[in-house]
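Student: give me coordinates for this.
(4 chains)
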Amino acid sequence: MTIIIWTIQLALVPILSPLFLGVLRKIKARFQNRVGANIFQPYRNLWKLFHKDEVMSEDASWIFRIAPYLIFTITIILGASIPLFSTWLSNNLLSDFLAVVYLVALSTFFLALAGIDVGSAFGGFGSSREMTLAALTEGGFIFSFLALSFLAHSTNLFFIASAVSVLPLFSFTPIVLVFISFVIIMLCETAHFPFDNPATHLELTMVHEAMILEYSGKRLALIEWAAANKFLIFLALGANMFFPWGLTAQTDAWSVVSALGIFVVKVLILTTFVAILESSIAKFRFFRLYDLLFTAFILSAMAILLIL
Amino acid sequence: MMFTLSQIIFLLETLIFLAAVFMHLVHKNSSLISLYRVQSFIVCIFIFGSAIVTSSALLMFVGILIFGVKVIVAPYFFTKLIKAYHVKSTSSTYLNGPTTLLVVAVLTGLAHSHYFQPLTTLVGENPDGLLLSLAAILISIFLLINRKGILSQMVGILSLENAIVSFAFLSELEATPNMQIGIIFDLLVWIIIVYIFAGMIHEKFGTLDSTVMNNLKEE
Amino acid sequence: MALLIIFGIILISILLSSLVKKRSQALGRVAIVASIIELLATLFVFNQVFKNGVYALSSYFLVDYFGIIVMLIIAVIGLVASWYSVGYLEVEMARGFIGYSRVKQFFILLHFFILAMFFAVVTTSPILMWISIEATTLSTAFLISFYSKPSAIEAAWKYLIINSLGLLIGFLGTLLFFHPAIGNPHNGFLTWGWATANVSKFDPHIIRLAFIFILIGYGTKVGLVPMHTWLPDAHSKAPVPISSLLSGVLLNIAFLAILRFKVITDLVVGAAYSQGLLIFLGLISVLVPAFIIFTQKNYKRLLAYSSIEHMGVVALGFGFGGAGAFAAILHMLYHSLTKSLLFLASGNIFLKYGSTKIKNVANVLKTLPGTGILFFIGFLAITGMPPFGIFLTEVSIMVAGIKSYFWVVAVAVLALALIFAGFLRHIAAMMFGGPEKEISLGEVNKNALAPIILLAVILLVLSFYLPNNLKSIITLASLAY
Amino acid sequence: MLNLISAQFSFFLALLLLAIGAVGSLTFAKKDWLANLWGNGLAILASVSGLVAAVKVLIFNEAFTYTINSTFSNLSLSLAVDKLSAFFVLIISLVAFLSSIYGIGYVKHFYNKYNLGVLGFFYNIFLVGMLFVVSAHNGFFFLIVWEIMSLASYFLVIFENKENNNIKAGSLYLVMTHVGTAFIMLAFLLLYRATGSLDFSVIKANIGNASLLIKNLVFIFALIGFGTKAGIIPFHIWLPSAHPAAPTHVSALMSGVMIKTGIYMFIRLFVEILSGTELWWGATILIIGIISSLLGVLYALTEHDIKRLLAYHSIENIGIILLGLGSAMIFLSLNLKTLAALSLVAALFHTLNHATFKALLFMGAGSVISQTHTRNIEEYGGLIKFMPQTALYFLIGSLAISALPPFNGFFSEWLTFQTIFSGIQIPDILTKSMFILAAGSLAFTGGLAAACFVKAFGVTFLARPRSVAVLQARESGFFMRFSMAALALATLILGIFAGSVSKIILGAVNNLTGFQRVSGIFFTQKQTFELSNGFAAISTPMIFVILSVVLLLIYGIVKILTSKRKVKIGRTWDCGTKLEPQMEITATSFARSIVIIFKGALKPSKQLEIEYRDADMRYFPKSRNVELGIVDVYRFYFYQPLRDLMIRLSGYAKNVQIGILNVYIAYIFLILLILLFVQS
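Tutor: Numbers count the residues shown, from 1 in each chain, chains lettered A, B, ... in the order given. Reported below is the predicted structural model:
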């Protein structure tokens, strides 16, 4: 039975992530009263890209070649080491939140290098913006998890999830503060609205897209898929860290299926929240973003002071 | 009617003191030298007096020697200097007349103050003579500070030497005769060297006024 | 017997060098031979003193522990200076700065100077010592105005007047010092031995006054700060071998005079009085040159100010007493070696660049490799960098002083750091710097390097290994303070 | 074989070999290649025996002491190598071993330009100085070797004295170190005053009777003295100019190891000798750590001289080490012995890590400079195609310094995080907010360091060459690549086996006096590192294994899936225009956004000159040049005014020498009267 849970845990993120991307795009289209593509369109895009030939720039070095593989691997590992539906795998030694933060930083590092490698102007300033934002999010990212870990007296994500689920009501306000700062961090890391517009290729605004302009064929598929995985990972973290009620500890078939169902519902709610947010506010100017990130950091610092 | 020995010594000591004071006020070099001649003559009297008292022939010989050097040779050299470089009037002093006198008065008061009081225990009979010679020492040092001319600096040093020797005699601390011979020989060499230096200074700087010699400073 | 040899040799060499008529190497050779014999005689006296404590010729001459150390300094630096001046004057004569008669005058006066210094160290009577120190002033007056340029004469004149005034004050102090001798007609020949023998007869108040006169008087000869004004002019205008003798040796002799009186004052009045005065003068002697060195423009004046500063450190050493005294004596030894090394090396630089201004001397390491390296070693030694002895003595002086005078030590240590900063600025500007335009490479006078290397070797050897007989003599000498 | 030679024998063998190396290279100065081989060869042998000594003391705990008395009463040449000094001997020998190998290759481009004998001589003396500094046990002897170390490194900094600013950098360095030593001397003198001796063990024994005032003064003086050497923020201005001036293998040693001697003495003095630390001591060190790490990385971002950039990063990493040390001292003053031991282990581990990856980065930079003959990043570009292996090693170095997982930087930063987190749990509100500040600064420093090294690596190695200098760059020589490879491997191994390494370091920390009975801080079975209070656990080998396995798996799957697809090489698409090298991102523009964000701290200055075709019409600008830079705050607000004050004071002091004889006589007369008044 454990092997089944392991495979689900391993495969859940890569399989479901394009779906939620499709749902997000569908809801945004609906807001712009367009019909919008089918929610399974991302699967088809990936399938198409995997079967196309690839054009690579002559300036690119081996870093450009292996970056997509490395980024995709990191998202798979992260997917496997965070609490999705069962807290049964708590002894996993990779699920310390600092390891999660620094693995994300590693993937951003290589993505930025790949951006610079091709030597085009877009890649250059894309990496510069990405690294600036990544540098400033790290503070908020670490501090939001730190607040929770002080609640749970452990930095292991699974223990945090189980601790938050049994919290009494009076510690509600710090959780709200941390949730707000986590949402800001999530939007920045997954390149969503106030920070970066995922859909556009307009050089004035794009950050994440600028770095992957030169990719094509299977490497572009891997990068797109990795981006989708990252989006789902952050949604899962948001869902299971702050609303951890659906996680089961048993391993019988029925409780696993119901936990999966609850997990999907929770993530859907969060996706709609993100879609609504993206449709309602405009993208901030680049040099106002760091105020947002510093507020995230201050919010979680205040939460820590409240908790301890 | 005869004055006692200590009164005579005190009288001579006041003459030395007055000579030192007048050196500040006098303008002509030649009078400066004559004052110095008076001073050294009195010192010779002291030496002869103590030679008679201790009746040592060596001291007598030293007295003659000192007389020869200080009263005859030194002034001769100085007058030669004055004639050679026709330095009639000494260049003026830094402080004008009255202030110099004020400083001289302060110095004499200082010499008689309690700072030097332990010195009076040195000798029984003529403590105030001793203090007067101390005042003469301080005044001749001040002469060096005050005067601008090379010649007056030379005379200042020599009058300081006279004052110290007079102080020594008054407190009976004077050195043994053969020591004194060494000292006076030393003084003679000093006078010769200073004379030669005056020549060189005049040749190089053209005047015997020391204010011209102030280009050795930190730029 | 050995003392007679020394005096005899010097007198003979004076006679010989005055007889030499035509231009010949005789002058230089006579000087070098004389100084070698003096060194041998001093070494003989050295192990005499080491064996039986003291070496007395007659009641007039007596060499004690401290005396032999200073004699050693005189002999060594005398030898090196006269060896160097042979080459140095040759080049000067070749360039037509000075005529042969001046060279002859130089050597005669040099012998007088060394004779007077030996005499000062050896006599037992303070007045005889005063006379011989007065003789050193007179003999060096003409040596300072050797180049008969207006500035040299001005420096010599100031040197003469200030030192005569100082020594007269010292004379007054000496007279006051021996006030118990009134009345008793002891053949009037007062000696140090006599003073230490009947200390009870001294009246403390008079001694306090007398020691001040001594300190100011002989302090002028040592160059402690308020009385130092003649030193930079005299040492920078004098020909290089003379300034190395002046800086390296004469200052120590004057300090020896003060210390001889200090022994008696300590017995009569107690050590605190004299130590307090020495610390006060020592501290300002370290502070004032520290600031002047920082923006100094002329490297010979730079070395002169560093002599004042090192005499200040020695004064601090004796002021702190105990282990500080031992370190201070050793500091005197190291300082005289390093300072004469630096002066002689600066002589080479002067011959090559023709100017004593720091700004028109550059790239010395390239043009004068030998002198450059030696000058740099001298700089490292004089500013107290570790491998050399001066660092050891400075630290142990500070250690001796920390117990009771923390703020004095703190200020002194920071002043020494400031001196290092100032020195480094000037030396780095001289040593490196841009490629000089037309300065030809290579040393000027060939046999000028040998004496400097000898000094450097002696300094390095003494820094690491102090022969134990020297060490024991220094410890014995420092016991009195 | 190891237990044949004793630790003491191998330590002294190392010193002897270095001495022979020094003298030998001077004698063979005439023939360049012989001097180079002799100097570096013996340094290699010496560092091997140094390694053996360190290992034997650390693992087989054969600590030894050795004393010879000398002429001066309290100067005794006493050495004591306990586990802490052995740890630093280990660092010194490891980096010296590899930088000497690197030196053999690197020094070739000095042939018949500079005198290699001198380089060999001072290089070996420098190593001797460092080995003595970490083992000296007597204050006096320590001052001597401390100055010898600074003096030798001064000569190495000004070795390439053709460029003038090397000389200025060298002089600034020596003056600041010397002023630092003056403060250290004062600190030791105060200790002597309180305890009557300069020997560390005697001082440690009766530190009790030192009054609180003396302890505080000693702390302040030691902080200034050793801080200058460690390069903490207010006293760091010599570091960015001195380290780049030295030849690369020396600057690798200086940056990697020499500044650690300051840290060693911080630990030896504050943690061991002045055992009862005050709370405010730890707080000051923590705040200095915060400032140094943040400002260090920000200044590095504005740099485009590659060696200066690395030098600023040394300041940043020293800041991180000080965070660990500061929290250790705070825990000590609150008597939390276990947490103090943990934070000391974090600080020491980061010292070891920084030594390895900083040396690696400097060597990489050195190889790049020796090929392109310029230090300006803007003229590099595309070097990965000309120097693939150097690029790989530099990449590994950059990953390690930005604390990214599989490498050693990650674990030591993780451990420092854990100490700060446990610090946050202290009830006292003031220390808690300080620790929160520390955690924030460490987080931002990590992010900014990653940004800075993306800039450094990307602009140097990736994309197209920006200048012709890059075109004739060749891969660096075998020796250089060997030592870089070894260091890269070391960062990886230290990263993976972090558990057992931290156990050895804990052994070293337990050796200090205050920590004898401290145990159970963390336990490590098969390399998983877990805090005893169960707060956090990490297994570094697990990360590495999973990363590589999943990477290979994905690569295999994708390869099979898309085996039939072809890969075509085309030109980078840039909206159809022909791509010029100028179009690539440059280092300045890369960091420009961060510099603008932190403009409050950095005060960037910008000059804009426009030259018009004809001056009065001012419509058609002929040329426009923009000059970006940052104001060197410290030099401008602190060091320059200090220097002007000194010059003004020296102006006053010079007035003493007026030149008028009468004034001089007045001085004598005055001092005579003053003394007469004073004494009566």
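Student: where does chain C have low pLDDT?
Tutor: Chain C contains residues with pLDDT under 70 at C:21-24, C:181-189, C:434-439, C:444-446.
Student: kindly recompute the last result at 50.
Tutor: C:185 (pLDDT under 50).
Student: do the stretch 151-300 of chain A as well
Tutor: Residue ranges of the stretch 151-300 of chain A with pLDDT under 50: none are present.
Student: so which bits of stretch D:636-651 are buried?
Tutor: D:Tyr639, D:Met646, D:Leu649, D:Ser650 (16 or more other C-beta atoms under 10 Å in any protein chain shown). In short, each C-beta sits where N, CA and C put it, glycine included.
Student: that should have said stretch D:418-430, apologies.
Tutor: D:Gln418, D:Thr419, D:Ile420, D:Phe421, D:Ser422, D:Gly423, D:Ile424, D:Ile426.
Student: tell me which of the buried residues of stretch D:636-651 is nearest to chain C?
Tutor: D:Ser650 (4.2 Å; C-beta to the nearest C-beta).
Student: excluding chain neighbours, what is closest to C:Arg260?
Tutor: In space, and not counting its chain neighbours, C:Arg260 is closest to C:Trp192: 6.0 Å by C-beta to C-beta, 6 or more residues apart in numbering or on different chains.
Student: ugh, wrong one, I meant D:Asn662
Tutor: B:Ile145 is the one closest to D:Asn662 (C-beta to C-beta, 6+ apart), at 5.1 Å.
Student: got a pLDDT number for that neighbour?
Tutor: The per-residue pLDDT reported for B:Ile145 equals 89.
Student: same question, A:Tyr69
Tutor: With respect to pLDDT, A:Tyr69 scores 93.
Student: can you count the residues close to it?
Tutor: Neighbour count of A:Tyr69, defined by other C-beta atoms under 10 Å in any protein chain shown: 21.
Student: over to C:Thr123?
Tutor: Applying other C-beta under 10 Å, we find 20 residues neighbouring C:Thr123.
Student: how about the residue nearest to it when sequence neighbours are not counted, what does it touch?
Tutor: Counting by C-beta to C-beta, 6+ apart, C:Thr123 lies nearest to C:Met129, which is 5.1 Å off, once chain neighbours are set aside. Taking C-beta atoms under 8 Å, 6 or more residues apart in numbering or on different chains, we find C:Met129 in contact with C:Ala120, C:Thr123, C:Ala257, C:Arg260.
Student: mind putting the residues you listed into TSV with secondary structure?
Tutor: What follows is those, written out as TSV (DSSP: H, G, I helix; E, B strand; the rest coil):
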residue	secondary structure
C:Ala120	helix
C:Thr123	strand
C:Ala257	helix
C:Arg260	helix
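Student: which one (most neighbours) among those residues?
Tutor: C:Ala120 (25 neighbours).
Student: might you report the residue contacts of that one?
Tutor: Per C-beta under 8 Å, 6+ apart, neighbours of C:Ala120: C:Met129, C:Ser132, C:Ile133, C:Thr136, C:Ile253, C:Leu256, C:Ala257.
Student: let's have those residues in TSV, adding secondary structure.
Tutor: Output for those, formatted as TSV (three-state DSSP):
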residue	secondary structure
C:Met129	helix
C:Ser132	helix
C:Ile133	helix
C:Thr136	helix
C:Ile253	helix
C:Leu256	helix
C:Ala257	helix
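Student: and residue 146, how many neighbours?
Tutor: No chain in the question, so chain A it is. Residues lying near A:Leu146 (other C-beta under 10 Å) number 25.
Student: think we crossed wires, I meant chain D
Tutor: 26.
Student: do you know how far the closest residue in space to it that isn't next to it in sequence is from chain B?
Tutor: Excluding the flanking residues, the one nearest D:Trp146 by C-beta to C-beta, 6+ apart is D:Val133, at 5.7 Å. Relative to chain B, D:Val133 is positioned 40 Å away (C-beta to the nearest C-beta, to the nearest Å).
Student: need the pLDDT of D:Val133.
Tutor: 93.
Student: one more: the one 4 residues further on?
Tutor: You'll see D:His137 listed with a pLDDT of 88.
Student: who's in contact with it?
Tutor: D:Thr65, D:Thr67, D:Ser78, D:Leu79, D:Ala80, D:Asp199, D:Phe200, D:Ser201.
Student: not counting its neighbours along the chain, what's nearest the third one?
Tutor: Spelled out, it's D:Ser78. D:Thr67 is the one closest to D:Ser78 (C-beta to C-beta, 6+ apart), at 3.8 Å.
Student: ok, for the spatially most central residue of chain D, nearest residue in space, not its chain neighbours?
Tutor: Geometric centre of chain D, nearest residue: D:Ser255, 3.8 Å, by C-alpha atoms, centre = their mean. Nearest non-adjacent residue to D:Ser255, counting by C-beta to C-beta, 6+ apart: D:Ser314, 4.5 Å away.
Student: please apply the same query to A:Gly22.
Tutor: For A:Gly22, ignoring the flanking residues on the chain, the nearest one in space by C-beta to C-beta, 6+ apart is A:Ile39 at 3.6 Å.
Student: is that neighbour in a helix, a strand, or coil?
Tutor: Following three-state DSSP, the label given to A:Ile39 is coil.
Student: quick one: contacts for it?
Tutor: Residues near A:Ile39 by C-beta under 8 Å, 6+ apart: A:Leu19, A:Gly22, A:Val23, A:Arg25, A:Lys26.
Student: what's the helix or strand hosting C:Thr393 packed up against?
Tutor: Assessed by DSSP states H and E, C:Thr393 sits inside helix C:389-402. Secondary-structure packing of helix C:389-402 (3 or more C-beta pairs under 8 Å, 6 or more residues apart in numbering or on different chains; DSSP states H and E): helix C:299-320, helix C:323-353, helix C:369-382, helix C:406-431, helix C:449-464, helix D:139-157, helix D:164-195.
Student: relative to A:Thr155, which of these is closest?
Tutor: helix D:164-195 (39.8 Å; C-beta to C-beta).
Student: and the helix or strand that the closest one is followed by, what's buried?
Tutor: Going down the chain from helix D:164-195, the next helix or strand is helix D:200-205, by DSSP H and E. Across helix D:200-205, burial judged by 16+ other C-beta under 10 Å covers D:Phe200, D:Val202, D:Ile203, D:Lys204.
Student: one more: stretch A:265-285?
Tutor: Buried residues in stretch A:265-285 (16+ other C-beta under 10 Å): A:Lys266, A:Val267, A:Leu268, A:Leu270, A:Thr271, A:Val274, A:Ala275, A:Glu278, A:Lys283.
Student: sorry, back to before: of the contacts of A:Ile39, just say which sits nearest to chain C.
Tutor: Using C-beta to the nearest C-beta, A:Arg25 is the member of these that sits closest to chain C, with 68.6 Å.
Student: follow-up on the earlier one: make TSV from the buried residues of stretch D:636-651 and add pLDDT and secondary structure to it.
Tutor: Formatted as TSV, the buried residues of stretch D:636-651 follow (pLDDT from 0 to 100; DSSP: H, G, I helix; E, B strand; the rest coil):
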residue	pLDDT	secondary structure
D:Tyr639	88	helix
D:Met646	91	helix
D:Leu649	92	helix
D:Ser650	90	helix
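Student: tell me the secondary structure at D:Ile68.
Tutor: strand.
Student: does it touch D:Leu75 like I think?
Tutor: No. In this structure D:Ile68 lies outside contact range of D:Leu75 using C-beta atoms under 8 Å: 10.2 Å.
Student: more crowded one of the two?
Tutor: The neighbour count for D:Ile68 versus D:Leu75, taken as other C-beta under 10 Å, is higher for D:Leu75 (20 against 9).
Student: quick check: the gap between the more buried one and A:Thr73.
Tutor: According to C-beta to C-beta, to the nearest Å, D:Leu75 and A:Thr73 sit 61 Å apart.
Student: kindly report the same for C:Asn163.
Tutor: C:Asn163 is 88 Å from A:Thr73, by C-beta to C-beta.
Student: now do C:Arg102
Tutor: When distance is defined by C-beta to C-beta, C:Arg102 is 91 Å away from A:Thr73.
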